[in-house]
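Visitor: when you get a sec, could you give me coordinates for this:
(2 chains)
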Amino acid sequence: MSESFWDWAYVWQVLPELVDASVVTVKATVSGFALALIIGLAFAIARMIGPGWLRQTTIGIVEVIRSTPLLIQLFLLYYVMPEFGLTLDAMTAGVLALGLHYGAYCSEVYRAGLEGVPKGQWEAAVALNLPPWVTMKRIILPQAIPPAVPALGNYLVALFKETPLLSVIAVLELMQTAKLLGSESFRYIEPITLVGLFFLFFSLVAAALVRALERRLGRGSGRVAR
Amino acid sequence: MVHFDHVTKRYGSLTVLDGLDLRIAPNEKVAIIGPSGSGKTTVLRALMTLDRIDDGVIWVDGEPLTHMRRGDGLVRADGKHLRRMRSKIGMVFQHFNLFPHMTALKNCMEALVRVLGLPVEEARQRAGELLAMVGLADKQDEYPARLSGGQQQRVAIARALALRPKIMLFDEVTSALDPELCAEVLGVIRELGRAHQLTMLMVTHQMGFAREFADRVCFFDSGRIAEQGPAREFFDAPRGERTQRFLRAVMDAG
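Guide: Here you go, the predicted model:
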């Protein structure tokens, strides 16, 4: 056995390519999650104050998305939608799938936050004659979102860890890049281990950022801890 | 000013207002008392459009509150009509309902900026004047959580006055306060009644205050006015047996 178990030279050789791929992974995560935050909020608001038909439709959509695997949604968007005239490049399809899937989960988090705002706040807004969208934006959301931040943060990390799924539609993110490198050199142990370390590193960074944000929101609200 | 014309409100099978007739004159101060569940808070909530009435019409300033004239009849009002009617009315709640993420000043500015569309500087000045009026000029930058109950309720009164309503509704505004904090809130209300042309409706358990401050007292029982009259007369010589029993129970309790 001339080959060692771990080849440092190979590590240095593939590292630049994996760093490039990690940029793709982070991009997919950030855009996917930004989309999830927006879609989730739209779902939650539609479900709370929308007219009856919209409420029912939203509940249905959220239930379908949450009850089917992300992998299937990814395939649908990338391979099936072209049949209906909607052709997306791999990255767009990936971000859209992540955004929709996690948007459905985020909407439940927002919903809990919205329902946690006391009824008296809505009533005070009516008594002050504030228009509905002002009430939502200025009174309700600023109270509903801070308590939702920890749970939303968990979904950020979860979404990030699911980005390797995008390798099945050939997005050149970390996992796909590692697999390609492995198939060229027949050495998988270094690229896959490195990918694992990348994920560990970014997950820890993201978790720290979410905690910092929580602390800031907690302080900014001016509420006294009880 | 306000006229409840045969107003009925039901929660499921429970009738909280049962064909209520009530007329309130401009500038009149009316105290509403009665046992819990008698519908007294619902009167205020219906007037603030927080509760939908099931039957009858509420008239404010000669206009139907939650209806619009359409031909010869009345139809349910749209949002625009409701907003116009609501602008005549302000309400103060039992649990203050201040916006916890805004300072006292911002609480009072919100409607000035978002409803009246005043420039921020002008709103800030007007909100500052309102807070000074309720004796809280020095607390304008505090968040509600850092204020005592009595101070919070005074901020809530200032906030409700911001839009210069003609009618002010007070829903058990001292019930959530420690007794020693009630006086400062009642003092503010007394001063308001003295210095401003305001029609006031208050649901209260403070019989002493009702007697001294109100022009008229309405005793509610089972969704109707069981007895009403000028405040002193009402308390000194209640006629109905139910009224006498209620007043005796309240006096014994406090």
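Visitor: let me see the mean pLDDT of the longest helix along chain A.
Guide: Determined from DSSP state H, the single longest helix within chain A is helix A:8-49. The average pLDDT within helix A:8-49 is 94.
Visitor: off-centre distance for it?
Guide: The chain centroid and the centroid of helix A:8-49 are separated by 7 Å, computed with Cα atoms, centre = their mean, to the nearest Å.
Visitor: go on, stretch A:88-104?
Guide: 9 Å.
Visitor: can you list the residues of chain A near chain B?
Guide: A:118, A:120-121, A:123-124, A:126-131, A:134, A:138-139, A:142-143, A:221-224 (Cβ under 8 Å from any Cβ of the partner chain). All C-beta atoms are positioned from the backbone trio N, CA, C, and that covers glycine.
Visitor: just the buried members of the residues you listed?
Guide: The neighbour count (16 or more other Cβ atoms under 10 Å in any protein chain shown) marks A:121, A:123-124, A:126-130, A:134, A:138-139, A:142-143, A:221-223 as buried among the residues of chain A next to chain B.
Visitor: low-confidence stretches in chain A?
Guide: Residues of chain A that meet the criterion pLDDT under 70 lie in A:1-3, A:219-226.
Visitor: point to the residue nearest the middle of it.
Guide: In chain A, the residue lying closest to the centroid (Cα atoms, centre = their mean) is A:Phe33, at 3.2 Å.
Visitor: that one: what's it in contact with?
Guide: By Cβ atoms under 8 Å, 6 or more residues apart in numbering or on different chains, the contact set of A:Phe33 is A:98-99, A:102, A:155-156, A:159-160.
Visitor: how does it look with 6 Å?
Guide: Going by Cβ atoms under 6 Å, 6 or more residues apart in numbering or on different chains, A:Phe33 touches A:156, A:159.
Visitor: which residue is nearest the centroid of chain B?
Guide: Chain B, centroid-nearest residue using Cα atoms, centre = their mean: B:Leu169 at 1.3 Å.
Visitor: could you check how far that residue is from B:Asp236?
Guide: Distance, B:Leu169 to B:Asp236, by Cβ to Cβ, to the nearest Å: 27 Å.
Visitor: now do the longest helix seen in chain B: which elements does it pack against?
Guide: Ranked by residue count under DSSP H, the longest helix found in chain B is helix B:179-195. On a contact count with 3 or more Cβ pairs under 6 Å, 6 or more residues apart in numbering or on different chains; DSSP states H and E, helix B:179-195 meets helix B:149-161.
Visitor: the helix it packs on to helix B:179-195, inter-axis angle?
Guide: Angle of helix B:149-161 versus helix B:179-195, following axes from the mean of the first three to the mean of the last three Cα atoms, to 10 degrees, is 30 degrees.
Visitor: ok, then the element right after the longest helix of chain A?
Guide: For helix A:8-49, the following helix or strand on the C-terminal side (DSSP states H and E) is helix A:52-66.
Visitor: now that next one: buried residues?
Guide: Of the residues in helix A:52-66, A:58, A:61-62, A:65 count as buried by neighbour count, 16+ other Cβ under 10 Å.
Visitor: out of those, which comes closest to chain B?
Guide: The nearest member of the buried residues of helix A:52-66 to chain B, counting by Cβ to the nearest Cβ, is A:Thr58 at 22.1 Å.
Visitor: the closest one is in contact with A:Phe43, isn't it?
Guide: Yes. Using Cβ atoms under 6 Å, A:Thr58 is in contact with A:Phe43, at 5.3 Å.
Visitor: my read is the residue nearest to the centre of chain B is in a helix, agree?
Guide: No. Secondary structure of B:Leu169 (DSSP: H, G, I helix; E, B strand; the rest coil): strand, not part of a helix.
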